[in-house]
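Asks: Model the following, please.
(2 chains)
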Amino acid sequence: MTGAIHTMSDYNFSAIEKKWQTFWLENKTFKTVEKEGAEKFYCLDMFPYPSGAGLHVGHPEGYTATDILCRYKRMKGFNVLHPMGWDAFGLPAEQYAVETGTHPAVTTEKNVNRFREQIRALGFSYDWDREVNTTDPKYYKWTQWIFEQLYKKGLAYVAEVPVNWCPALGTVLANEEVIDGRSERGNHPVIRRPMRQWMLKITEYAERLLSDLDTLDWPEGVKEMQRNWIGKSTGALVDFQCAGACAGDTIKVYTTRCDTLFGATYMVMSPEHPLVAKWLESGVIANADEVKAYQKKAASKSDLERTELNKEKTGVLLDGIKGVNPVNGEELPVFISDYVLATYGTGAIMAVPAHDERDFDFAKVFALPIVQVVAPADSDEAKNASPDPVPYTAGAAFTDIATGVMVSSGFLTGLSVDDARKKMIAWLEEKGVGKAKTQYKLRDWLFSRQRYWGEPFPVIHWEDGTQSLVPEEDLPLTLPELADYKPTGTGEPPLAKAVDWVNVTDANGRKGVRETNTMPQWAGSCWYYLRYIDPHNDKAFADPALLKKWLPVDLYVGGAEHAVLHLLYARFWHKVLFDLGLVPTSEPFQKLVNQGMILGMAYKTPRGVLVPMDKIEWRDGKPFGAEEGGEMEPLVEFPAKMSKSLKNVVNPDDVIRDYGADSLRLYEMFMGPLQVVKPWQTNGVRGVHNFLKRVNRLVTETKISERAMTKDEARTLNATIKKVGDDLEVLAFNTAISAMMVFVNEAEAEAKVSGDLPKEFLEKFVLCMAPFAPHLGEELWQFLGHGDSLAYEPWPLYDPSALVVDEIEIPVQVLGKLRGRVKVGVSATPAEMEAAAKANPDVAKFLEGKTIVKVIAVPKRMVNFVVK
RNA sequence: GCGCCCGUGGUGAAAUGGCAGACACGCUGGAUUUAGGUUCCAGUGCCGCGAGGUGUGAGGGUUCGAGUCCCUCCGGGCGCACCA
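Replies: Here you go, the predicted model:
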């Protein structure tokens, strides 16, 4: 190691940061230690997709937060696991390959190298020996292995399902790559088309994925989104026998409102319902042409069109088809309409227009009868419960289930909605025409992509129609080289072009073809946190003893955009591995925090026309700009997502060059609470940069003395240690930094008076600050005469006795208004406080001539006089 | 429409039911330097010369006391969106 760079007070951040980054790397300072008896802290960042654009200022936000925490925990004596890796499969590298012919692996490696370099330039304390890369065959070997376990457990299957087919790109897109019915890349139309796909039975875990959310220390919003996504509802399946031409068939419906069965006036089936196809085939539908036309129209609608058209209900009556209401034997007309989804429940509903808004809207369009069976508790209908159906005249459906009372509903009349549901289910079960049923919105996970740059499925389809897994000992099944990466145009994945790879023959001469789909990007990220625990193991994805030691992840920090998909998929895989006895916990991530997005500043004219940063003219520090062909005028500043078009993207490299990594880290933490959205302001970086300069000056320019701390110094120091430590425990980085700024303000004032500062005073402060600004921390520690890194130096303990003061100033209120301040002894009794307060002239003025009704004196807090 | 979150100075923000605006940016004035994104001092919610008044989106409530707790409304963000 070279000596301290400080010979003068200049804050040479570039040299300091380079020096310590090299030191940490060469000495493997942050190699995970597994000290016996020490508590573990597994702190995980969501690993990035290494895009060609490099790091943006959003990445370092969460990474800095976890880094500070990890450095703090190491100093507190914890065994810390803090790894980083790359989620490197994905579409952009493949698109680039299509355009240029460059192998995605080449692009990926280049991007990873750049990301690694940028991340290292921020001084994060990752254990680089544990770096993982989802595209590394040594890694995806185990992704494939886990898939095989899912397959063997019966959780993976092939099905013909509708997918997002983009004719222009000649490929299938994932849902997340389709925005409002068009491709995210290129903005081409996307249509639904059935194709053979791999599915994972996540639905089998729906209940556990839902109920275990209660055990997690996660943001309430994320848990709520997962609950909505899983979408549990409790209701009933009810059988409607068919009458007329289709007699003998049964239409099964799912309903959460079986209490309203007496109010059903028609039925609706989805256009794709198998019974409709059957009836068309057998010719029992009189208006078959009309029905077919509607089916065709519904099928050709894109998702966008479906949502746009959902205001006006459409549908077609199935002429000749009747369903019999099991509770009253009434024959109901049956419609098809695309407002009933084929994929939810049974794909058919009973319609109760009086008590369901969608049914109400449909009934209005088709002039169908509307019968009231639930009435407000205090209404006339509820009081004079008529046994006969009551036509419903209100302008909207009545859907209040909390207070509604059943009317005109036979044996349910007079009951609450809740009681009526229970009674109806009992009745349905007794008669054998229905039963209670819990339903989930969650669908099975569409797990295949028609892509090159993903994990190949280790599956072979044999000519005899059977299918088998690639034996475990033959994993990984690596990707073949391709001459070009263009889509085939038919929907057939690019891997189909690798003929030699695709065609296989077994020992007995049986021929087969490999699966040519690849896994989605989520696969690799479903379990990477497990691999970090034992990243070089070639016998297992990780050693069970180590898994037991490190799981669960204690803190997981990442963007809110992964609230549902990644986090739900990873929980699902984890639970499967748990059931197989391969991981020791039922949940992977104990505590989750979403960092808030960092926005850029954007500018618009008074009429709202956006003006890019490079078109702005600054006059006296005020922004001016012009609309197309317009006059220059003052602009309005507002925070907006950083974007290329606004030219307001902040590049971390620039910030590091101008102010240093420590300043960037400190600023990102000082902007505000980690979890909230914050606009980037470069002036703020200057603020914290100046703070670091002052710290540097304080330590290197003040005369350092061996004398004991004064009482004031001890109080200042210990208050800072306490506040910083307390704030770190609750991730309040911004207030911890402000506490350190207060320290420096006070220390500078102190130094000015005394001419020197005790060594201990400065040393302990440097230790406090080091997790936030680690490069300067190390440098100043060395300056203070220490030979080694401070990374494992014990976190300073604060001395509570140093915080004790003899006298405090408390506010005095009269009728709740502040009227004065008095100094009292810290242990003053309420009576003493009252006396002191009354003696204060500012207060006495407001008590004069008044009667004191009550005195509230809270020790160490305040005094309040209630007067008349 | 439904669910979740959030409204505090010119700006980013602090504040276990107890002195609103800590800390920082910006700004104003001054000092030292003036190559300066330097450093230092003072001031800075609003109204008022002042005593004082007033102030946390609006209105109501609980309380000796409310930014904080409860109710209604308004505004913003995010998510889901025909899920029967």
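Asks: Break chain A down into its structural domains.
Replies: As assigned by automatic domain parsing, chain A contains the domains A:1-30+A:694-804, A:32-133+A:523-594, A:149-228+A:444-514, A:233-439, A:600-640, A:807-867.
Asks: The third one and RNA strand B, any residue contact?
Replies: In other words, domain A:149-228+A:444-514. Yes. If you take CB under 7 Å from any atom of the strand as the test, domain A:149-228+A:444-514 does meet RNA strand B, through A:220-221, A:224-225, A:228. From N, CA and C alone the C-beta is placed, and that goes for glycine too.
Asks: Take these and write them to CSV, including pLDDT.
Replies: As requested, these are exported to CSV (pLDDT from 0 to 100):
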residue, pLDDT
A:E220, 85
A:G221, 85
A:E224, 87
A:M225, 87
A:N228, 88
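Asks: Now restrict the residues you listed to buried residues only.
Replies: Neighbour counting over these (16 or more other CB atoms under 10 Å) leaves A:M225 as the buried ones.
Asks: I'd like the next helix or strand past the lowest-mean-pLDDT helix or strand in chain A.
Replies: Using mean pLDDT, DSSP states H and E, helix A:303-308 stands out as the lowest-scoring helix or strand of chain A, at a mean of 56. The element immediately downstream of helix A:303-308 (helix or strand, assigned by DSSP states H and E) is strand A:316-324.
Asks: Quickly check: that next one near RNA strand B or not.
Replies: No. Applying CB under 7 Å from any atom of the strand, one finds that strand A:316-324 is not in contact with RNA strand B, the shortest distance being 14.0 Å.
Asks: Is the helix or strand just after that strand positioned near RNA strand B?
Replies: From strand A:316-324 onward toward the C-terminus, using DSSP H and E, the following helix or strand is strand A:331-336. No. With CB under 7 Å from any atom of the strand as the measure, strand A:331-336 is seen stopping short of RNA strand B, the closest distance being 11.6 Å.
Asks: mind listing what's buried in the lengthiest helix in chain A?
Replies: Among the segments of chain A that qualify as a helix by DSSP state H, the longest is helix A:733-754. Residues A:733-734, A:736-737, A:739-741, A:743-744, A:746-747, A:750-751, A:754 are the ones in helix A:733-754 that count as buried (16+ other CB under 10 Å).
Asks: now do stretch A:135-149
Replies: Of the residues in stretch A:135-149, those buried by neighbour count under the rule 16+ other CB under 10 Å are A:135-136, A:139-149.
Asks: what is the mean pLDDT for that stretch?
Replies: Model confidence over stretch A:135-149, given as mean pLDDT, is 97.
Asks: just the strands in the stretch 101-250 of chain A please.
Replies: Using DSSP state E, counting those that start in this stretch, the strands of the stretch 101-250 of chain A run over residues A:132-133, A:156-166, A:171-173, A:178-179, A:182-183, A:191-200, A:233-244, A:250-255.
Asks: Which one, of the ones you listed, ends up nearest to A:R665?
Replies: The stretch from the strands of the stretch 101-250 of chain A with the least distance to A:R665 (CB to CB) is strand A:132-133; that distance is 24.1 Å.
Asks: Show residues contacting that closest one.
Replies: For strand A:132-133, contacts defined as CB atoms under 8 Å, 6 or more residues apart in numbering pick out A:47, A:83, A:85-86, A:88, A:112, A:139, A:528, A:531-532, A:535.
Asks: again with stretch A:399-413
Replies: Against stretch A:399-413 from outside (CB under 8 Å, 6+ apart): A:257, A:259-263, A:327-328, A:355-357, A:371-377, A:381-382, A:385-390, A:398, A:414-418, A:420, A:423-424, A:427.
Asks: what about chain A, any weak spots by pLDDT?
Replies: When residues are selected by pLDDT under 70, those of chain A lie in A:1-9, A:174-181, A:184-185, A:301-311, A:384-387, A:619-622.
Asks: Nearest residue to the middle of it?
Replies: The centroid of chain A falls nearest to A:A563 when counting by CA atoms, centre = their mean (2.5 Å).
Asks: tell me the contacts of it?
Replies: Residues touching A:A563, when contacts are defined by CB under 8 Å, 6+ apart, comprise A:221-222, A:225-226, A:594.
Asks: farthest-separated two in those residues?
Replies: Farthest apart among the contacts of A:A563 by CB to CB are A:Q226 and A:N594. That separation is 13.0 Å.
Asks: In what element of secondary structure is the residue of the stretch 551-700 of chain A found nearest RNA strand B found?
Replies: RNA strand B sits closest to A:G687 of the stretch 551-700 of chain A, with a gap of 2.8 Å, by CB to the nearest atom of the strand. Following DSSP H and E, one finds A:G687 within helix A:682-701.
Asks: now A:Q144, nearest residue through space, not along the chain?
Replies: For A:Q144, the nearest residue in space outside its immediate sequence neighbours is A:P458; the separation is 4.6 Å by CB to CB, 6 or more residues apart in numbering.
Asks: For A:A394, see how far away the one you found is.
Replies: Taking CB to CB, to the nearest Å as the measure, A:P458 falls 60 Å from A:A394.
Asks: These two: who's more crowded?
Replies: A:P458 (24 against 10; other CB atoms under 10 Å).
Asks: Next, give phi and psi for the more buried one.
Replies: The main-chain torsion angles of A:P458 are listed as degrees, to the nearest 10 and equal phi -80, psi 60.
Asks: I'd like to know how far it sits from A:M519.
Replies: According to CB to CB, A:P458 and A:M519 sit 10 Å apart.
Asks: shared neighbours of the two, anything?
Replies: Between them, A:P458 and A:M519 have A:F147 as joint contacts when contacts are counted by CB under 8 Å, 6+ apart.
Asks: what comes into contact with the longest helix of chain A?
Replies: Under the criterion CB under 8 Å, 6+ apart, residues A:65, A:68, A:666, A:669-674, A:688, A:691, A:694-695, A:698, A:702, A:710, A:712-713, A:716-717, A:719-720, A:723-724, A:727-728, A:757, A:761-762, A:765, A:768-769, A:772 lie in contact with helix A:733-754.
Asks: what's near enough to touch the closest residue to A:L261 other than its chain neighbours?
Replies: Excluding its sequence neighbours, the residue lying closest to A:L261 (CB to CB, 6+ apart) is A:V327, at 4.8 Å. For A:V327, the set of contacting residues under the criterion of CB under 8 Å, 6+ apart consists of A:261-262, A:410, A:424, A:427.
Asks: Tell me which two of the residues you listed sit farthest apart.
Replies: Greatest spatial distance in those: A:F262 and A:W427, 11.5 Å, computed using CB to CB.
Asks: How many residues are close by A:V611?
Replies: Applying other CB under 10 Å, we find 22 residues neighbouring A:V611.
Asks: right, and it touches A:G625 too?
Replies: Yes. With contact defined as CB atoms under 8 Å, A:V611 reaches A:G625; the gap is 3.6 Å.
Asks: before we move on, what SS does A:K647 have?
Replies: For A:K647, the reduced secondary structure class is coil; criterion used: DSSP: H, G, I helix; E, B strand; the rest coil.
Asks: Tell me how far it lies from A:L635.
Replies: Distance of A:K647 to A:L635, computed by CB to CB: 14 Å.
Asks: Between the two, tell me which one has more neighbours.
Replies: Neighbours per residue (other CB under 10 Å) separate A:K647 from A:L635, with A:L635 holding more: 22 against 15.
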